[in-house]
Every structure is written in structure tokens, then in C-alpha cells.
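J.: Just to be clear, the model below is a prediction. Sequence and coordinates:
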Amino acid sequence: MIKILPILLGVLVSYVVALVTGAVNFSDVMQADWFGIPLNPKAMGLFAIDGSPEFISAVLTIVPIALATMMEHVGDVASISATVGKNFIRDPGLNRTLLGDGLATSMAGLLGGPSNTTYGENTGVLALTKIYDPRVIRIAAVFAMILSFSPKFDAIINSIPAGIIGGISFVLYGMISAIGVRNVVENQVDFTNSRNLIIAAVILVCALSFNSVGGLTFTVANVAINLSGLAIAAIAGILLNAVLPGNTYEFDDSTGTGEGASLRV
């Protein structure tokens, strides 16, 4: 059981230590209500469609970000496929997973909530716990929806010291990187090929460098548009993959033995 719950136990043990040492501020927890409706009419996109410059700017800003979340979704599905040992890119297929992702995020935006895009941290949890049963995710989703009606629980989560969140992030984000590298190795991407090397190098540099300076901001028709480092990296990768000569990508029909997409380069 301890091996199954490493992340949760790490958070709980660290939180207990923080409580003992007085590093937790309970003032917001004490003031929070036990029950509340998680709706903010001012943030609901349903009431923001007014054609104002702010609305147009928001739309033009979100469009390139959508490209970044799409790339993240594809990467997460490929990583989960490699972790679980099933090819989810082929079954149920990216068309279905991307559609579900887009519909969920659109509904959340209309209701004033955050995006429901995939998160690579969950891949790290799968790799650590070795539990792949979808029923676990469904049960977790039910609990998440119930707890979303409790501002008290939200305050407790926000009371976790930043040091604990940072420590857990080291493990989870590190697992994302490690799984990504493993995915590239399992799919036998040939980095002796200059084409692949250039594309990978440009993607890495764009994502890290532009993200460190807050992205790239430019103005179109008096509307400011900001591209995050991830969005720039995704666009650069797509364009380079399309224009550079020597594309030898082939998709085989075998399901493979653990690799996500049966991609050979």
C-alpha cells in the first residue's frame, strides 16, 4: 500500500511536519465556508461575448494557446500509451481524445472554470503507482466534483506550503521529462538524422527561452497577442516538420509492445 501511494504519503507526511513546525497558516481555512457554489458569473465566458477589444484580444490570445494544449495532449496520450503499454493514439484514437478535451475545456470556459486539458503530471503518477484502471480515474473525478463545492477544502489545499508543492513537482515534472525521453527512445527516433536533431533543438530552445521571458507579445490591429513558450515551440516544430526536406515518417500496423504510437523514423 505504501508503494501505491508515494505522492499522497509524501504530501501528508510533509504537511504534518509543516503543522508541527508552525509553517501552515490556518486563518483562511477557519474563515472559509463548508459549502459554496463554484460559479463566478464575472468569469463566465457566456457573458463575455460582447465584441469589445478586450474580448477580441482574449480570443486571439487563446487560439495559439489552443495549439500548445493540443501538442501537450498528443504528448500526454503518447506518454500514457508508453507507460500503460497500450496504443491509445490508435484506440480510441486522437480524434476522440482531442474532441473530448476540447468540449470539456469549452464547457469549463463558458461556466467560468479553468481549462480541462490533459496534464503530464498524471503520467508521472501512473508510472509511480502502476495503477492503470480507468475506474480509479472515474472515482477520483466524482470525489473532485463533490469537493469542488467545499470552499473549506479549497482553503486547506491552498494552505499547503510552497516548499511541499515544489518538492512534489520535482518528482512529477521529472517523471514527465523521463517518460518523454523514454517515448522518443522506444519509437526509435534517429537523432543521427540532422533533420530530427534540428527540429528537436529548435523546440527545446523555443520552449525554454521564450518561457523564461514571458513569451512573445505582438500587436495585430491594435490587439495585443501573447504566445507562450510552449505555443511558440509547438508552432515552430510543426512548421519545421512540414518544410524541412527528408521526412521519412511511417506508421506501422502493429500494436507494439509498450510503445505509444507505432512510429518509425
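T.: Arrived safely. The model shown is predicted, which means the values in this text are computed figures rather than measured ones.
J.: tell me the average confidence for stretch 196-214?
T.: For stretch 196-214, the mean pLDDT works out to 85.
J.: mind listing what's buried in it?
T.: By neighbour count with 16 or more other C-beta atoms under 10 Å, stretch 196-214 contains the buried residues 196, 199, 202, 203, 206, 207, 210. Using the backbone N, CA and C atoms, a C-beta is placed for each residue, glycine as well.
J.: nearest residue to the fifth one other than its sequence neighbours?
T.: So the one you mean is residue 206. Once flanking residues are discounted, residue 206 sits nearest to residue 233: 4.0 Å by C-beta to C-beta, 6 or more residues apart in numbering.
J.: Give me the distance between the helix or strand where that neighbour lies and the centre of its chain.
T.: For residue 233, the host element (DSSP states H and E) is helix 229-243. Put simply, helix 229-243 sits 18 Å off its chain's centre (C-alpha atoms, centre = their mean, to the nearest Å).
J.: So which other helices or strands are in contact with the helix or strand residue 10 falls within?
T.: Assessed by DSSP H and E, residue 10 sits inside helix 6-20. Secondary-structure packing of helix 6-20 (3 or more C-beta pairs under 8 Å, 6 or more residues apart in numbering; DSSP states H and E): helix 121-129, helix 162-186.
J.: Where does pLDDT dip in the stretch 101-250 of the chain?
T.: 120-121, 124, 179, 183, 186-187, 220-224, 248-250 (pLDDT under 70).
J.: switch the cut-off to 90
T.: Residues of the stretch 101-250 of the chain that meet the criterion pLDDT under 90 lie in 101-138, 140-141, 144-200, 203-204, 206-250.
J.: Just the buried residues of the helix or strand in which residue 75 is found, please?
T.: Residue 75 belongs to helix 53-84 when assigned by DSSP H and E. Using 16+ other C-beta under 10 Å as the test for burial, helix 53-84 gives 57, 61, 64-65, 67-84.
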